[in-house]
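Engineer: need a structure here:
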Amino acid sequence: MVEHDLFDDEEDFRTVVDTSFWSQPAVPDYPVLAHFGRFEILGRLARGGMAEVYLAREWDDQGKARHLVVKRVLPEMEDNPDLLRMFLDEGRTAVRLYHQNVCHVYECGEIDGTIFMALEWVWGPQLQEVIERMAARGSCIPWPVAVEIVAQVAAALEYVHHAKGVGGRALGIVHRDVSPHNVMMNWSGHVKLLDFGIAKTSQDATTGGAAVGKYGYMSPEQAQSRGVDPRSDLFALGVVLFEALAGRALYDRPTLLDTLGAIVREPVPSIRAERPELPEALDHIVRRALAKDPGERFQSAGELRAALKQVLRANGQVVSEQRIALFLDGLFDASEKKPLRGSAKLTGSFQALTAVGAAALRGEEITYESFDHSSPSVAPPPEQEAPRPSAAAGWLGWAALVLLALVMAGVGAALAVYLFR
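Structural biologist: Model (predicted):
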């Protein structure tokens, strides 16, 4: 496969994406609740420990809308330099990545002193939500569907691990936070890996493998703060595969020390002990991905993906995006598929749109106001428009002009006869 160098190492942290990103499913015409630069804020999707995520809308030069996600640092965390650095590092890393199974970051920057990212909106559930919903029904994800989902994540990791910058320079990215929470599927069945908040690149100043990430998905070397490489991500993906097949957490222990101890010391589990009907080859794949020694694991995400695809073929299974979509369709009802669940209120830290601003949006021209969270914005009073003449008044004006022209023409002709007789 030919690799294309699609990265931009310039300092503006922008990249050009293909216009297919403008092709979005039908979205309700949500009212605009706030403005953030050129973005119309429609509602909050989620709030985490360091950032909040909003559904937003922007318009291109042809007047076509694109829905996307705006992620911004929590206002109460904006004075934390380490957090801001981590947030910017995430944006600077993710904006260089362009792959069909990676949630794309369009832009990383600052608006009125607020650090933000604009990224692709994946309209659909997290893999974690799907696992939990199936478990609540006393069941598991159909194994071919689970294998295909993980194979698509492996494709994303194969790309990420070998990503290069301008001039062919290897970026050396290790995700370090692969988990079912960071794997999403849209309602059409496409799988995306997201959240590079703690991704490590070869350009990082530190060389150790600090224990960061979700503890139950750390590799043994990561749990012991040793150096990490792409094989650490493959261990985490092995945990994801086990949980997707078994319908339960693998390394969920009462305390953090117990969790890390299980990762480092417990024997490698067998998925067939949970589901004896599964193919033996699939059990071998899970056990190899979860090997304690990185040298005994798959040595690349591409190798793991190929093994997963082979077990599907060997068992006569073809899992298309349509099959994943049908599976999700049977798991979630229409109300649960709404982009914004519940009331359309501004639940985040943005300042609500003023009545004057809302009225302006109903006019022919939309003007974007930069949002400043530090102080309430006072909207200027609306300019008074001069009264527009009625249609009748316009016709009378034209008739008067024509009559005046005829009179002047008659006066001019009489004057010419008088002068030249």
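
Engineer: remind me which residues of the protein are low pLDDT?
Structural biologist: Within the chain, the stretches with pLDDT under 70 are 1-25, 197-213, 342-421.

Engineer: Domains of it: list them as residue ranges, please.
Structural biologist: 1-123+339-398, 127-331 (automatic domain parsing).

Engineer: for the last one, the distance to its chain's centre please.
Structural biologist: Centroid displacement of domain 127-331 relative to its chain, using Cα atoms, centre = their mean, to the nearest Å, is 19 Å.

Engineer: distance between the ends of that domain?
Structural biologist: End-to-end span of domain 127-331 (Cα to Cα, to the nearest Å): 12 Å.

Engineer: returning to what we had before: would you turn the domains of the chain into TSV with mean neighbour count?
Structural biologist: In this view, the C-beta of every residue, glycine as well, is placed from N, C-alpha and C. Formatted as TSV, these follow (neighbours: other Cβ atoms under 10 Å):
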stretch	mean neighbour count
domain 1-123+339-398	15
domain 127-331	18
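
Engineer: surely Arg272 meets His284?
Structural biologist: No. Arg272 is beyond contact range of His284, at 9.7 Å (criterion: Cβ atoms under 8 Å).

Engineer: residues shared between the contacts of these two?
Structural biologist: Common contacts of Arg272 and His284 (Cβ atoms under 8 Å, 6 or more residues apart in numbering): none found.

Engineer: most centrally placed residue in the protein?
Structural biologist: Glu120 (3.9 Å; Cα atoms, centre = their mean).

Engineer: I'd like to know how far it sits from Val105.
Structural biologist: 8 Å (Cβ to Cβ, to the nearest Å).

Engineer: Repeat that for Val319.
Structural biologist: 28 Å.

Engineer: same thing with Tyr159?
Structural biologist: Counting by Cβ to Cβ, the gap from Tyr159 to Val105 is 15 Å.

Engineer: what about the residue nearest to Asn182 when sequence neighbours are not counted, which helix or strand?
Structural biologist: Excluding the flanking residues, the one nearest Asn182 by Cβ to Cβ, 6 or more residues apart in numbering is Asp195, at 4.4 Å. Under the criterion DSSP states H and E, no helix or strand holds Asp195.

Engineer: show me what contacts the residue lying closest to Cys140 once chain neighbours are set aside?
Structural biologist: Closest residue to Cys140 apart from its sequence neighbours, by Cβ to Cβ, 6+ apart: Gly247 at 3.9 Å. By Cβ under 8 Å, 6+ apart, the residues touching Gly247 are 131, 134-135, 139-141.

Engineer: So what touches stretch 311-322?
Structural biologist: 144-145, 147-148, 151, 188-190, 279, 281-282, 285.

Engineer: Which residues are in contact with the residue nearest to Asn182?
Structural biologist: 90, 103, 177, 181-182.

Engineer: now those residues as CSV including distance to Ala170?
Structural biologist: What follows is the contacts of Asp195, written out as CSV (distance: Cβ to Cβ, whole Å):
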residue, distance to Ala170
Glu90, 19
Cys103, 22
Asp177, 21
His181, 28
Asn182, 23
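
Engineer: Which of these sits closest to Tyr215?
Structural biologist: For the contacts of Asp195, the residue nearest Tyr215 by Cβ to Cβ is Asp177; the value is 10.9 Å.

Engineer: That closest one contacts Tyr215, correct?
Structural biologist: No. If you go by Cβ under 8 Å, Asp177 and Tyr215 don't touch, sitting 10.9 Å apart.

Engineer: returning to that earlier point: could you export the contacts of Gly247 as TSV, including distance to Pro75 and secondary structure?
Structural biologist: Compiled in TSV, the contacts of Gly247 are given as follows (distance: Cβ to Cβ, whole Å; DSSP: H, G, I helix; E, B strand; the rest coil):
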residue	distance to Pro75	secondary structure
Ile131	33	helix
Met134	37	helix
Ala135	36	helix
Ser139	42	coil
Cys140	41	coil
Ile141	38	coil
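
Engineer: And the residues you listed, which two are furthest apart?
Structural biologist: Spatial extent of the contacts of Gly247 (Cβ to Cβ) is set by the pair Ile131 and Ser139 at 10.6 Å.

Engineer: hmm, back to that, now the phi/psi pair for the residue nearest to Cys140, please.
Structural biologist: phi 80, psi 20 (degrees, to the nearest 10).

Engineer: As CSV, could you dump the C-alpha coordinates of stretch 226-237?
Structural biologist: C-alpha atoms of stretch 226-237 as CSV (Å, rounded to 0.1, in the frame of the first residue of the first chain):
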residue,chain,number,x,y,z
ARG,A,226,8.9,1.1,32.3
GLY,A,227,9.5,2.2,28.8
VAL,A,228,6.6,1.8,26.4
ASP,A,229,6.5,1.1,22.6
PRO,A,230,3.6,0.2,20.2
ARG,A,231,3.4,-3.3,21.7
SER,A,232,2.0,-1.7,24.9
ASP,A,233,-1.0,-0.5,22.8
LEU,A,234,-1.4,-4.0,21.5
PHE,A,235,-1.7,-5.3,25.1
ALA,A,236,-4.4,-2.8,25.8
LEU,A,237,-6.2,-3.8,22.6
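
Engineer: Can you give the contact residues for that stretch?
Structural biologist: So stretch 226-237 is contacted by 150, 153-154, 157, 161, 174-179, 200, 207-209, 213, 217-222, 289-291, 294, 297-301, 304 (Cβ under 8 Å, 6+ apart).

Engineer: Swap in 7 Å and give it another go.
Structural biologist: 150, 153-154, 157, 161, 174-176, 178-179, 200, 207-209, 217, 219, 221-222, 289-290, 294, 297-301, 304 (Cβ atoms under 7 Å, 6 or more residues apart in numbering).
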